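Generate a structure from the sequence data that follows.
(chains A, B, C and D)
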Protein chains: 2
Amino acid sequence: MKDPQLKQPLAAGALVYASLKEQIVNLTLPPGTALSEKETALQYQVSRTPVRESFVRLAQEGLVVVLPQRGTRVSLIDSELVEEARFMREQLERAVIRLACDRFPEELLLQLDANLEEQRLSIQKHDSKQMFELDEEFHRLLFQGCRKQGTWNVIQQMNAHLNRSRILWLASDPDWLKLYEHHHTMLKAIRLHDADGAERLMQEHLRLSISDLPKLKEQHPDFFR
Amino acid sequence: MKDPQLKQPLAAGALVYASLKEQIVNLTLPPGTALSEKETALQYQVSRTPVRESFVRLAQEGLVVVLPQRGTRVSLIDSELVEEARFMREQLERAVIRLACDRFPEELLLQLDANLEEQRLSIQKHDSKQMFELDEEFHRLLFQGCRKQGTWNVIQQMNAHLNRSRILWLASDPDWLKLYEHHHTMLKAIRLHDADGAERLMQEHLRLSISDLPKLKEQHPDFFR
DNA sequence: AGTTCCATACTACCATACAAGTATGGTAGT
DNA sequence: ACTACCATACTTGTATGGTAGTATGGAACT
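Residues are numbered from 1 along each chain as shown, chains lettered A, B, ... in the order given. You can find the predicted model right below:
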């Protein structure tokens, strides 16, 4: 029996990257937290080299800022970028769902059905975190069905900032049931090839599901820039 | 008198990154070229560490692919991603120019005027490369005027693939005069607040200015994936 | 008391040595 | 002649020592 991850026999460096990224987006490492190559190397029981590599990647995604000879810290949330990410996502998702109404593979539709069912269960369980992930998955499947997976990946990158504010937004107990209904109706519109209706829905959906920035900024002034 | 680049007193690592990126996008390093940490370290007279750092960053942008213990090579142009980049850019630029028609700072308008004048001169001089760069600058200014600089940066990243194919496309002697006219008319539409007209123009402009993929693939089959 | 200066303890950055996996060419065996 | 095998020369991944720039706290001076 081989190791299940036969593709990554040596993934020491990529591991700390993934872990750090997760913690940053989770806000487990809040914006402004000071990081240190040496210290994180100690924590993960690796040398400074893979840690440094992780910092470089995170810096390129704007999740950390590194000041030469001064230090590295988790980046503050840039509200300008959050707004831009919202804008970008709205434009692209509206275009994509129009494509979906024109043509969409049956298999992906079934996956969307399954996802919706899981959403229903998560709402019953009041599991906000899982609901958040299922919501992301739902939208990702839309892109995938239109063969726009790469586009979704690029969005994800900008979402580095947007998602952190959405995590904050979770605390305000969002109306998941409403969002679920949106998803449900959007899926129906796709099956009916109702592009105009689907686009309208998506627009409203995104405006609702994306956080009220000023309020969050007021509650967590030290997290923003 | 201080060094003009007071911000980057030590930029050894970032330098090789910039140089490599330039060469890859220029196709000076054609897709498929094998790179080696040790060899490039020799070329730039630095150690492997900053070279490796560059490779990591380039890999994250999809400009190189690194196979552990096997080697690193310049990535092939992924025609799927090129098409996606075209799609993405069309959606976002159409939305942005609509914003521009609503409101756009006067100063940026003047910069666009100046840029157009330079375009005219470049066409007279038959300087394709400069014209290419001025075209990029023109579109960037549009984003900047709408405070969507971050969005443009994200697009640039996906353009890693798109731009390389557009460099190939330069060889087919594109109709720069037509593109110049487009720019000119778009700028006029912005001043007249004619959003619908501007959006239509932008759509046609992008469809014309973005390369005919199948043809390029036929001429350079070994560059594509 | 208040201010200046410097030793010290940090930081990221770079060079180098070592480890581990992979492709390759030559050799021995059939 | 052909095949299997293994030494060797690559590759990237990791660890570590040393360098240079920066912040900080205490001592000496005004």
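
For the rest of this, base every contact and every neighbour count on C-alpha atoms.
Noted.

what residue is smack in the middle of chain A?
A:N163 (5.0 Å; CA atoms, centre = their mean).

Residues of chain A that sit close to DNA strand D?
Chain A comes close to DNA strand D at residues A:10-14, A:45-50, A:68-70, as judged by CA under 7 Å from any atom of the strand.

filter these to the buried ones?
By neighbour count, with 16 or more other CA atoms under 10 Å in any protein chain shown, the residues of chain A next to DNA strand D hold A:G13, A:A14, A:R48, A:P50 as buried.

of those, closest to A:I190?
Proximity of these to A:I190 (CA to CA) peaks at A:A14, which lies at 38.4 Å.

Skipping adjacent residues, who's closest to the closest one in space?
A:S54 (7.2 Å; CA to CA, 6 or more residues apart in numbering or on different chains).

ok, residues contacting the helix or strand containing the one you found?
Counting by DSSP states H and E, the element that carries A:S54 is helix A:48-60. Contacts with helix A:48-60, where a contact means CA atoms under 8 Å, 6 or more residues apart in numbering or on different chains, come from A:12-14, A:16-17, A:21, A:37-38, A:40-41, A:64-66, B:53, B:56-57, B:60.

Who are the packing partners of the helix ranked longest in chain A?
In chain A, taking DSSP state H as the definition, the longest helix is helix A:79-102. The contact analysis (3 or more CA pairs under 8 Å, 6 or more residues apart in numbering or on different chains; DSSP states H and E) places helix A:79-102 against helix A:128-145, helix A:149-170, helix A:176-191, helix A:195-209, helix B:79-102, helix B:149-170.

Relative to the whole chain's centre, how far out is the host helix or strand of A:E117?
Using DSSP H and E, A:E117 sits within helix A:106-124. Its chain's average C-alpha position is 18 Å from that of helix A:106-124, according to CA atoms, centre = their mean, to the nearest Å.

same deal with stretch A:98-108?
Computed by CA atoms, centre = their mean, the chain-centroid distance of stretch A:98-108 equals 23 Å.

Show me which residues of chain A sit near chain B.
Proximity of chain A to chain B, by CA under 8 Å from any CA of the partner chain, involves residues A:53, A:56-57, A:60, A:81, A:84-85, A:88, A:91-92, A:95, A:148, A:150-151, A:154, A:158.

which of the residues you listed are buried?
Looks like the residues of chain A next to chain B have A:53, A:56-57, A:81, A:84-85, A:88, A:91-92, A:95, A:148, A:150-151, A:154, A:158 buried, using 16+ other CA under 10 Å.

Surely A:I77 touches A:G32?
No: using CA atoms under 8 Å, A:I77 is not in contact with A:G32; the gap is 9.3 Å.

So those two - more neighbours on which side?
More crowded of A:I77 and A:G32, by other CA atoms under 10 Å in any protein chain shown: A:I77, with 24 against 18.

Quick check: the residue nearest to that one when sequence neighbours are not counted vs chain B, distance?
Closest residue in space to A:I77, ignoring its immediate chain neighbours: A:F224 at 4.7 Å, by CA to CA, 6+ apart. From A:F224 over to chain B the distance is 17 Å, taken as CA to the nearest CA, to the nearest Å.

burial of A:F224, as a residue count?
By the criterion of other CA under 10 Å, A:F224 has 16 neighbours.

just to revisit the earlier point, what does the longest helix of chain A rub up against?
A:142-143, A:145-146, A:155, A:158-159, A:161-162, A:165, A:189-196, A:198-199, A:202-203, A:206, A:210, A:213, A:224-225, B:88, B:91-92, B:95, B:148, B:150-151.

Show me the domain layout of chain A.
What automatic domain parsing lists as the domains of chain A is A:12-74, A:79-223.

could those domains go into JSON lines alongside distance to B:F138 and mean pLDDT?
Shown next, in JSON lines, are these (distance: least, CA to CA, whole Å; pLDDT from 0 to 100):
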{"stretch": "domain A:12-74", "distance to B:F138": "25", "mean pLDDT": "95"}
{"stretch": "domain A:79-223", "distance to B:F138": "20", "mean pLDDT": "93"}
